[in-house]
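1. fold the following, please.
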Amino acid sequence: MEPVWILIAFLVGLAVRQVGLPPLVGFLCAGFVLSRMGIEETETLTQLADLGIYLLLFSIGLKLDLRGLAKPVVWGVASTHMLAFTVVIGLGIFALTFTGLGLFAELNFWTSMLVSFALSFSSTVFAVKVLESRAEMNSRHGDETIGVLITQDIVAILFLTASMGKLPSPWALLLLALPLLRIPLKMIFERVGHGELLILYGLLLVLGSVYLFDLLQVKPDLGALVAGVIMGSHPKANELSKSLLSLKDLLLVAFFVTIGLQGVPTLEQFGVATALLLLLPVKAVMFFWLMTRFRLRARTSTLSTLPLSNYSEFGLIVGAVGVSAGWIQPAWLLVAAIAMSLSFVCSAPFNAVAHRLYARHMRTLDRYESEKRLTDDQHIAFDQPIECVVISMGRIGTAAYDEMSQRFGDRVVGLDLDPDVVASHANENRTVICGDATDPDFYARFDAGSSCKVAIIALLSTSEVISISRLLRASGFTGLIVAMA
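-> Just a heads-up that it's a prediction; the model follows:
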């Protein structure tokens with residue numbers, strides 16, 4: 001029956017995309033349609049869904065920046081929000097159990113907390129799509145959003161591991177020696193090239209780690225994440241992640257379809273899911289308040305909060321574990337799936353006009369900023385006029401900087417978002433500042449003066465180049481803009 005579910009998933013996903021919603025909403029609906037048709041979940045579909053989850057966790061591991069996650073503004077916001085939301089909303093759900101209303105009557109204190117815990121996650125897929133569509137993945141608020149999401153994902157992995165309810169094999173201690181395999185694995189990584197072998201090697205790493213962890217009675221999901229972390233520091237890690245992206249997205253279709261195959265939602269389930277949308281403003285306010293308390297600007301807090309104000313596919317994974325363990329009824333998994341889909345419907349319009357929303361309510365939102373800003377948000381000043389600015393100090397940007405230095409001397413300044421890159425250039429006596437050129441507020445802090453003649457944008461992303469060019473002109477820059485093509 002695989003051709004049938006592929007056809008239905010495509011048709012429903014295509015229909016949903018025409019109204020501006022993420023296709024994964026359609027994939028969930030496709031599962032409902034298949035369930036109504038009497039089609040049941042097959043072993044093949046389940047295996048594809050599991051592989052999709054493994055690839056998702058592996059890709060998260062590849063991008064895991066432990067130093068970035070160690071920042072209080074990342075792990076502090078994520079952990080505090082999850083804890084506060086879980087406890088507050090969990091207590092509210094538990095209070096409803098005493099009313100004896102339908103689905104709530106089946107819950108107890110701990111299952112109420114499990115439901116609220118699942119709702120505390122935000123969608124990685126949705127947030128990444130929003131940031132990519134606006135070319136803001138490398139922006140300050142993009143970094144904050146992705147950092148919070150990865151922290152949430154790590155918490156989910158820890159929960160999945162603990163949910164096994166049994167002790168690992170004594171041989172599981174051997175897993176502590178896995179970092180020793182980093183050198184031989186990376187040597188192979190260097191020799192697989194850039195084509196099909198690269199993808200096969202990625203799949204081999206995922207399936208091998210999953211099998212090993214399962215053999216040692218450790219949650220196999222954790223194996224996929226660990227494999228990604230081990231390979232994440234390699235220069236080709238980003239290339240591998242991009243190579244596996246389409247395959248991962250395709251296999252995740254199977255996961256969303258399997259959720260929909262749990263059954264057609266009843267009117268009561270749909271009503272509960274709709275009621276859960278009332279919690280989204282609570283979720284958003286908590287994110288914004290916490291971010292401003294951690295000394296982020298109101299603008300950064302607002303643009304980070306909006307992509308996080310939804311429910312997550314990881315919440316579905318947590319819910320699926322609860323169902324398989326018998327902790328909650330399958331009906332709650334359907335409620336979570338519907339609530340997630342509806343949260344995308346509600347969040348999409350606000351994210352589409354995020355910058356305009358902040359501009360319109362700037363005065364009100366700015367009142368919640370802390371008096372002391374983070375170090376990377378101070379005004380930037382120089383002792384002498386600047387004649388050339390090089391944006392993004394990678395290989396091309398560094399070459400451009402050195403070339404311009406021969407012409408303008410020490411009146412050249414570089415700009416990069418990565419503090420480590422900035423520090424490395426400082427060691428080589430280059431003047432490089434840390435800043436986000438896609439952030440309009442940055443230009444209010446960085447005034448190169450009317451003497452600046454050239455701005456070189458050393459980025460590959462056309463959308464980012466266009467965005468930065470517009471911001472430069474809007475800030476009053478009248479010099480020459482040079483960009484890669």
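
2. so where do the strands sit in the stretch 251-400 of the chain?
-> For the stretch 251-400 of the chain, applying DSSP state E, counting those that start in this stretch gives strands covering 388-391.

3. so, low pLDDT: which residues of it?
-> Flagging of the stretch 251-400 of the chain using pLDDT under 70 yields the residue ranges 262-263, 374-383.

4. ranges for the helices of it?
-> 267-276, 280-293, 298-308, 313-324, 330-352, 354-360, 362-366, 395-408 (DSSP state H, counting those that start in this stretch).

5. list the helices and strands the fourth one packs on?
-> When contacts are defined as 3 or more C-beta pairs under 8 Å, 6 or more residues apart in numbering; DSSP states H and E, helix 313-324 packs onto helix 109-119, helix 124-133, helix 140-162, helix 237-260, helix 330-352. Every C-beta, even on glycine, is put in place using the N, C-alpha and C of the backbone.

6. contacts for that helix, please.
-> 24, 53, 111, 114-115, 117-121, 123-125, 152-153, 156, 159-160, 163, 252, 255-256, 259, 328-330, 332-333, 336-337, 340 (C-beta atoms under 8 Å, 6 or more residues apart in numbering).

7. contacting residues around the closest residue to T258 other than its chain neighbours?
-> Counting by C-beta to C-beta, 6 or more residues apart in numbering, the nearest residue to T258 once its immediate chain neighbours are dropped is A49, at 4.8 Å. With contact set as C-beta under 8 Å, 6+ apart, A49 has these partners: L251, L252, A254, F255, V257, T258.

8. which one (most neighbours) among the residues you listed?
-> V257 (29 neighbours; other C-beta atoms under 10 Å).

9. once you drop chain neighbours, what's closest to it?
-> With sequence-adjacent residues excluded and distances taken as C-beta to C-beta, 6+ apart, V257 is closest to G31, at 4.5 Å.

10. pLDDT on the helix or strand containing the one you found, on average?
-> Per DSSP states H and E, G31 falls inside helix 23-36. For helix 23-36, mean pLDDT is 80.

11. which strands or helices does that helix pack on?
-> Contact here means 3+ C-beta pairs under 8 Å, 6+ apart; on that basis helix 23-36 packs against helix 2-17, helix 237-260, helix 330-352.

12. list the contacts of it.
-> 4-5, 8-9, 11-17, 125, 252-253, 256-265, 313, 337-338, 340-341, 344-345.

13. could you dump that helix to PDB, C-alpha only?
-> The C-alpha atoms that make up helix 23-36 are tabulated as PDB, following Å, rounded to 0.1, in the frame of the first residue of the first chain:
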ATOM      1  CA  PRO A  23       3.600  20.800   3.800                       C
ATOM      2  CA  LEU A  24       4.100  18.700   7.000                       C
ATOM      3  CA  VAL A  25       0.600  19.900   8.100                       C
ATOM      4  CA  GLY A  26      -0.700  18.200   4.900                       C
ATOM      5  CA  PHE A  27       1.300  15.100   5.700                       C
ATOM      6  CA  LEU A  28      -0.500  14.900   9.100                       C
ATOM      7  CA  CYS A  29      -3.800  15.400   7.300                       C
ATOM      8  CA  ALA A  30      -2.900  12.700   4.800                       C
ATOM      9  CA  GLY A  31      -2.600  10.300   7.700                       C
ATOM     10  CA  PHE A  32      -6.100  11.200   8.800                       C
ATOM     11  CA  VAL A  33      -7.300  10.600   5.200                       C
ATOM     12  CA  LEU A  34      -5.600   7.200   5.000                       C
ATOM     13  CA  SER A  35      -7.000   6.200   8.400                       C
ATOM     14  CA  ARG A  36     -10.500   7.100   7.200                       C
END
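
14. quick revisit: could you check the pLDDT of the residue nearest to T258?
-> At A49, the model reports a pLDDT of 83.

15. separation between it and A325?
-> 18 Å (C-beta to C-beta, to the nearest Å).

16. for G142, same thing?
-> To A325, G142 is 36 Å away according to C-beta to C-beta.

17. neighbour-wise, which of these two wins?
-> Set G142 next to A325 and count neighbours by other C-beta under 10 Å: G142 wins out with 26 against 12.

18. surely the more buried one touches E136?
-> Yes: in this structure G142 lies within contact range of E136 using C-beta atoms under 8 Å: 4.7 Å.

19. what is the neighbour count of E132?
-> Neighbour number of E132 under other C-beta under 10 Å is 13.

20. can you check F58 too?
-> F58: 30 surrounding residues under other C-beta under 10 Å.

21. also G394?
-> Neighbours of G394 under the rule other C-beta under 10 Å: 14.

22. before we move on, the earlier item: most tightly packed of the helices and strands packed on helix 23-36?
-> Most buried of the helices and strands packed on helix 23-36, by mean neighbour count (mean count of other C-beta atoms under 10 Å): helix 330-352, with a mean of 21.

23. between it and helix 124-133, how many degrees?
-> 10 degrees (axes from the mean of the first three to the mean of the last three C-alpha atoms, to 10 degrees).

24. between helix 330-352 and helix 23-36, how big is the angle?
-> If you take the same axes, to 10 degrees, helix 330-352 sits at 150 degrees to helix 23-36.

25. CA atoms only: put helix 330-352 into PDB for me.
-> Written as PDB, here are the backbone C-alpha positions of helix 330-352 (Å, rounded to 0.1, in the frame of the first residue of the first chain):
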ATOM      1  CA  PRO A 330      -3.600   7.500  21.900                       C
ATOM      2  CA  ALA A 331      -6.300  10.200  21.700                       C
ATOM      3  CA  TRP A 332      -3.800  12.700  23.200                       C
ATOM      4  CA  LEU A 333      -1.300  12.000  20.500                       C
ATOM      5  CA  LEU A 334      -4.000  13.000  17.900                       C
ATOM      6  CA  VAL A 335      -4.700  16.100  20.000                       C
ATOM      7  CA  ALA A 336      -1.100  17.100  20.000                       C
ATOM      8  CA  ALA A 337      -0.800  16.500  16.200                       C
ATOM      9  CA  ILE A 338      -3.900  18.700  15.500                       C
ATOM     10  CA  ALA A 339      -2.600  21.400  18.000                       C
ATOM     11  CA  MET A 340       0.800  21.400  16.200                       C
ATOM     12  CA  SER A 341      -0.800  21.900  12.800                       C
ATOM     13  CA  LEU A 342      -3.100  24.700  14.000                       C
ATOM     14  CA  SER A 343      -0.200  26.400  15.800                       C
ATOM     15  CA  PHE A 344       1.600  26.600  12.400                       C
ATOM     16  CA  VAL A 345      -1.600  28.200  10.900                       C
ATOM     17  CA  CYS A 346      -1.600  30.800  13.700                       C
ATOM     18  CA  SER A 347       2.100  31.500  13.700                       C
ATOM     19  CA  ALA A 348       2.700  31.800  10.000                       C
ATOM     20  CA  PRO A 349       1.000  35.200   9.500                       C
ATOM     21  CA  PHE A 350       2.800  36.800  12.500                       C
ATOM     22  CA  ASN A 351       6.200  35.600  11.300                       C
ATOM     23  CA  ALA A 352       5.500  36.900   7.800                       C
END
